[in-house]
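# Let me see the structure of the following:
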Amino acid sequence: MSQVQDLLKPPPPLPVRPLKLPTASETLLSNGLVVMVVEDQRLPLVSYRLALKTGDAHDPPELPGLMDMLTGLLTEGTQSRTSREIADEVARLGATLQAGANSDYTTVAASSLSTFSENILELMADVALKPVFPQNEVELTKQNTKESLKQQRAQPSFLASETVARVMFGQHPYSVTAPTPESIDATTRDRLVEFHRSMFVANNAVFLVAGDVQKTSILQQIDALFAKWQPGVVAGDHFPNPPPRTSRAAYIVDRPGSAQTNIVIANTAITRTSPDYFPMLVLHTILGANASSRLFMNLREEKGYTYGAYSSLDARRTAGTFRATAEVRTPVTGDSLKEFFYELNRIRNEPVSEKEIADAKSYLTGVFPLRLETQEGLIDQLVQIKMFGLPHNYLEIYRNRIQAVTIEEIQDVAQKYVRPEETAVVIVGDGAELKDQVKPYAEEIEFYNTAGKRKKQPTGESNSPAAAAAFAGSWSLQIETPLGQSIPATLTLFHTKHGLSGKVTSEMGDGELKSATFDDASFAGKIAFDIAGHAMEAQIGGAVANEQMEGSISLQNAPALPFTGSRNS
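Next up is the predicted model:
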């Protein structure tokens, strides 16, 4: 019998293998540009990163999204190449070239076979240092950004992230997650040129190379291409502190008729360089990092409330949050909150088990080398080291720091940063269905519409003629598709003793609006569609202000499609 039991036991983990990393060398050019080179001849490939310690958080307050638009336009034309010529050259080389930004830093990234390393490096320098932001490309990007914003606002996950950022970060620029239509309209080519000139300065940047290169040769090439790049005034991180939280509050983004609820429970937490980072990382792994963590096992495996429940450690350069998240069925929102707070209190008040901490350490130390197996993975880790100011030997000491975390340290950071009574509880869903479920878990509740504007508490009433007057009539709508196309439709609404009724006519097909609920600002209902002879059901929800309507329509098993419209005279 004992032999059978021994066979059923999983084998012990293998001993940790030494981590063999290529040596990185660092050189400071005369203009202040730092160059880091990692020679790695295992494969005939090379990866480049130009990283600047300036990100979305450094956008002008009146122009959120400016850095994102700027990076998107870098490859759309330079002093010597058109957008088409850049794309053709990248394709001819079989290379990659792209740029992007997050809240803390900006990168221009390129990779290619080492045979074409000089070609892609020259092209990379051209788009980074000599973009011209052609007017036609600026206008096209502005239009595309507006369409993308409409698509985002139809997604509950975006609405949840937007609200969490606003609530948790206050006046800190991390509170901004997307541009506004007004900021997009206000962005001009001149502002882009000016912003590029002020932010893209040599002494604010690090150039990283990893791959099949020779250090001396690549330094000469980089110096030749970037020597004339001028230093400048570095913007720095002079931001207001996030607001302190002293009580629990709920923030409900009302999406009438929504069948699901997006839940985010957030606490103020740590920066990326905090000495508590590694204990928090292990805590996060135990609580909600993966499908074997506590939140997942409770809310999905035991209760069946959701497909997945997780935590996230959002540690940035100047501020951070710790979050617990899930998408649940609307009727079990309150029950899900109960389980979330049970788990948050448990990890705060009870020491984790020896098995849990051992499993978490094994997972973290096992996954870490996989991130460094490719040149792209290695160079992206080096970017983070330089952008966040981490120790130069961070990669070498990572696994030892994980293994050194103790149960006592986990409980200590849980007491510091997992504070259920000071959380922001952000919920996106049907406000009328959620308000009573949320009341036991929040001292105060604020309601918002999907545009992020404060609104009255939804009543869910469907028998008020006065409220119905805001919706009744004929509306011309434009339904936006993921491909950027607009589908015209007409929505006709009228009030009956059972609520709102009506019909929809469109190129997709015609449908009948079944009885819908509404309050003085928004409505929600179901549409029975006949599309090419097939019966389909869709959910529709919208809000009305000043004879204008905004909302979304969701066909079966398809993403929500946003729409805008106006009342027909």
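
# For residue 568, which non-adjacent residue is closest in space?
Sequence neighbours aside, residue 474 is the residue nearest to residue 568 in space, at 4.2 Å (criterion: CB to CB, 6 or more residues apart in numbering). Every residue, glycine included, has its C-beta placed from N, CA and C.

# what's the helix or strand for that neighbour?
Element membership for residue 474, per DSSP states H and E: strand 473-480.

# what are the pairing partners of the helix or strand just after that strand, and which direction each?
As assigned by DSSP H and E, the chain's next helix or strand after strand 473-480 is strand 486-496. Paired neighbours of strand 486-496 in the sheet (DSSP bridges): strand 473-480 (antiparallel), strand 499-506 (antiparallel).

# circling back to that earlier point, now the strand holding residue 474: buried residues?
475, 477, 479-480 (16 or more other CB atoms under 10 Å).

# What segments of the stretch 301-450 of the chain are strands?
For the stretch 301-450 of the chain, the strands defined by DSSP state E, counting those that start in this stretch occupy 306-315, 320-329, 424-429, 444-448.

# now, of those strands, which is deepest in the fold?
Compared across those, strand 424-429 shows the largest average neighbour count, a mean of 27 (mean count of other CB atoms under 10 Å).

# now the angle between strand 444-448 and that strand, please.
Here strand 424-429 runs at an angle of 40 degrees relative to strand 444-448 (axes from the mean of the first three to the mean of the last three CA atoms, to 10 degrees).

# export the strands of the stretch 301-450 of the chain to JSON lines and tack on distance to residue 219?
Below are these laid out as JSON lines (distance: least, CB to CB, whole Å):
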{"stretch": "strand 306-315", "distance to residue 219": "33"}
{"stretch": "strand 320-329", "distance to residue 219": "36"}
{"stretch": "strand 424-429", "distance to residue 219": "48"}
{"stretch": "strand 444-448", "distance to residue 219": "53"}
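
# Nearest to residue 36 among the buried residues of strand 473-480?
residue 480 (43.5 Å; CB to CB).

# In contact with residue 391, which residues?
Contact analysis of residue 391 by CB atoms under 8 Å, 6 or more residues apart in numbering lists 385, 397.

# Over to it: give its phi and psi.
Backbone torsions of residue 391, given as degrees, to the nearest 10, read phi -60, psi 150.

# closest to residue 444 out of the strands paired with strand 486-496?
Across those, closest to residue 444 is strand 499-506 (CB to CB), at 30.1 Å.

# what are the ranges of the strands in the stretch 51-200 of the chain?
Counting by DSSP E, counting those that start in this stretch, the stretch 51-200 of the chain has strands at residues 96-101, 106-113.

# what about stretch 162-179, distance to the chain center?
Averaging C-alpha positions (CA atoms, centre = their mean, to the nearest Å) puts stretch 162-179 12 Å from its chain's average.

# pLDDT weak spots in this structure?
Within the chain, the segments meeting pLDDT under 70 span 1-10, 12-17, 459-468, 497-499, 515, 519-521, 532, 556-557.

# Leaving aside the residues adjacent along the chain, what's closest to the residue nearest the centre of it?
Nearest to the centroid of the C-alpha atoms of the chain, with distances taken as CA atoms, centre = their mean, sits residue 161, at 7.2 Å. Leaving aside its chain neighbours, residue 161 sits nearest to residue 177 (5.9 Å; criterion: CB to CB, 6+ apart).

# one step back: with respect to residue 207, which of the strands paired with strand 486-496 lies nearest?
The closest of the strands paired with strand 486-496 to residue 207 is strand 473-480. By CB to CB, the value is 40.1 Å.

# Dump the closest one to CSV, keeping only the CA atoms.
Extracted C-alpha coordinates of strand 473-480, given in CSV (Å, rounded to 0.1, in the frame of the first residue of the first chain):
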residue,chain,number,x,y,z
GLY,A,473,-39.3,58.7,-30.8
SER,A,474,-37.1,57.9,-33.8
TRP,A,475,-33.3,57.9,-33.6
SER,A,476,-30.8,57.8,-36.4
LEU,A,477,-27.8,55.6,-35.3
GLN,A,478,-24.4,54.8,-36.6
ILE,A,479,-23.2,51.4,-35.4
GLU,A,480,-19.4,51.0,-35.4
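
# mind checking how far it is from the chain centre?
30 Å.

# what do you get for stretch 276-292?
Relative to its chain's centre, stretch 276-292 lies at 19 Å (CA atoms, centre = their mean).

# Then stretch 64-75?
Put simply, stretch 64-75 sits 17 Å off its chain's centre (CA atoms, centre = their mean).

# Repeat that for stretch 294-313.
Centroid displacement of stretch 294-313 relative to its chain, using CA atoms, centre = their mean, is 20 Å.

# mind checking the end-to-end distance for that stretch?
End-to-end distance of stretch 294-313 (CA to CA, to the nearest Å): 15 Å.

# What lies in contact with that stretch?
Counting by CB under 8 Å, 6+ apart, 269-270, 280-281, 284, 286-291, 293, 320, 322-329, 332, 335-336, 339-340, 342-343, 346-347 sit against stretch 294-313.

# One more pass at 7 Å, please.
With contacts defined as CB atoms under 7 Å, 6 or more residues apart in numbering, stretch 294-313 is touched by 269, 280-281, 284, 286-289, 322-329, 332, 335-336, 339, 343.

# Ok, stretch 104-112 next?
Residues contacting stretch 104-112 (CB under 7 Å, 6+ apart): 45-55, 57, 67, 71, 74, 93-100, 120, 124, 127-128, 316-317, 376, 383, 387.
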